[in-house]
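Trainee: could you work out the structure for the sequence below:
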Amino acid sequence: MKPVLVIARRELAATFDSPIAYIAATVFLIATGLMFFFGIDGGEDFFEARQATVRPLFDSAPWVLAVILPAVTMRLVAEEKKSGTLELLVTLPVSDLEIIIGKLLGAMGFLVVALALTAVFPLLVLQLGSPDIGAIVGGYLGLFLIGTTFLALGVMTSTWTHNQIVAFILGLLLCIFFWTATDALIKLAFERPPMALTLLTFKQQFASFSKGVIDLRNIIYFASVIAVAVAASTWTLRSRNWK
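Mentor: Sure thing, here's the model as predicted:
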């Protein structure tokens, strides 16, 4: 466990040594703020709701996370491959799985900071009324899980290439695809989509959290996707030994 934490601290420090972290955090705060107050996709905004609710934040934040988080993860492995420091890292007494988990935990540190910045919105709502605290807790748990899932996908794409820009584009496409395209494709393919298929989409799994409902099945779903992405990243990293 110690090597994992060392790698996580190293990656977290490297992330905030880069301007990308501050740009991404600023974009996240501004974009979620605009969507919170003025709505998204024609949805109800804060002023139209006319009630003390943080629901607009939870409806809009995943869209922004799907864009900015691949920018945070793109360098995690791709940069080390390009610079040659990955070969030095793997000579240390640390497994490929520990490397991937450590890097993911480091990126999760950025996610926690980014979500903490949005606390200004619930605090504002608390000044204006009495929102459901349970709904706020459930919504933030959902954002943490969907954000970690996007990070895991981003780490996976970062192991596929030496180029950070390519890693970002691949990560962005995967996150957008699983957040929006899968739901759209299912509805396009089926006039009445089977419940089993709709439940496989990220948006459907996140819907309960955005309403403040914490369901263990939704947690297991995101944890499973994260585990698969981590396993795929480890397998890709390990494949260097096959050459």
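
Trainee: what's the first helix or strand after the helix or strand bottoming out on mean pLDDT in the chain?
Mentor: Ranking every helix and strand in the chain by mean pLDDT, DSSP states H and E puts helix 195-198 at the bottom, with a mean of 52. Next helix or strand after helix 195-198 toward the C-terminus (DSSP states H and E): helix 202-210.

Trainee: what's that following helix packed up against?
Mentor: helix 55-73, helix 133-158, helix 182-189, helix 216-238 (3 or more CB pairs under 8 Å, 6 or more residues apart in numbering; DSSP states H and E). C-beta here means a position set from N, CA and C on the backbone, and glycine is covered the same way.

Trainee: ranking those by mean pLDDT, which is last?
Mentor: Set side by side, the helices and strands packed on helix 202-210 give their lowest mean pLDDT on helix 182-189, at a mean of 59.

Trainee: tell me who's in contact with I219.
Mentor: L145 (CB atoms under 8 Å, 6 or more residues apart in numbering).

Trainee: follow-up on the earlier one: I'd like the helices and strands packed on helix 202-210 as CSV, with distance to T15 appended.
Mentor: Below are the helices and strands packed on helix 202-210 laid out as CSV (distance: least, CB to CB, whole Å):
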stretch, distance to T15
helix 55-73, 6
helix 133-158, 11
helix 182-189, 29
helix 216-238, 17
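
Trainee: quick one: which of those is nearest F28?
Mentor: Each of the helices and strands packed on helix 202-210 has some distance to F28 by CB to CB; the shortest is helix 55-73, at 5.3 Å.

Trainee: following element in sequence after the closest one, please.
Mentor: Counting by DSSP H and E, the next helix or strand C-terminal to helix 55-73 is helix 78-83.

Trainee: show me which residues of that following helix are buried.
Mentor: 78-81 (16 or more other CB atoms under 10 Å).

Trainee: closest one of those residues to A116?
Mentor: E79 (26.0 Å).

Trainee: I'd like to know how far the closest one sits from Q164.
Mentor: Counting by CB to CB, to the nearest Å, the gap from E79 to Q164 is 6 Å.

Trainee: okay, now the closest residue to F209 other than its chain neighbours: neighbour count?
Mentor: Using CB to CB, 6 or more residues apart in numbering and skipping residues adjacent in sequence, the residue nearest F209 is G142, 2.3 Å away. Neighbourhood size, G142 [other CB atoms under 10 Å]: 26.

Trainee: now do the contacts for G142.
Mentor: Here G142 is in contact with 58, 206, 208-210, 218 (CB under 8 Å, 6+ apart).

Trainee: again with K103
Mentor: 7-8, 11, 76-77, 155.

Trainee: just to revisit the earlier point, could you redo the contacts of G142 as CSV and give each row distance to I20?
Mentor: Putting those into CSV (distance: CB to CB, whole Å) gives the following:
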residue, distance to I20
F58, 25
F206, 25
S208, 32
F209, 27
S210, 28
N218, 30
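
Trainee: ok, the spatially most central residue of the chain to V113 distance?
Mentor: The residue lying closest to the centre of the chain (CA atoms, centre = their mean) is G147, at 2.1 Å. Using CB to CB, G147 is found at 11 Å from V113.
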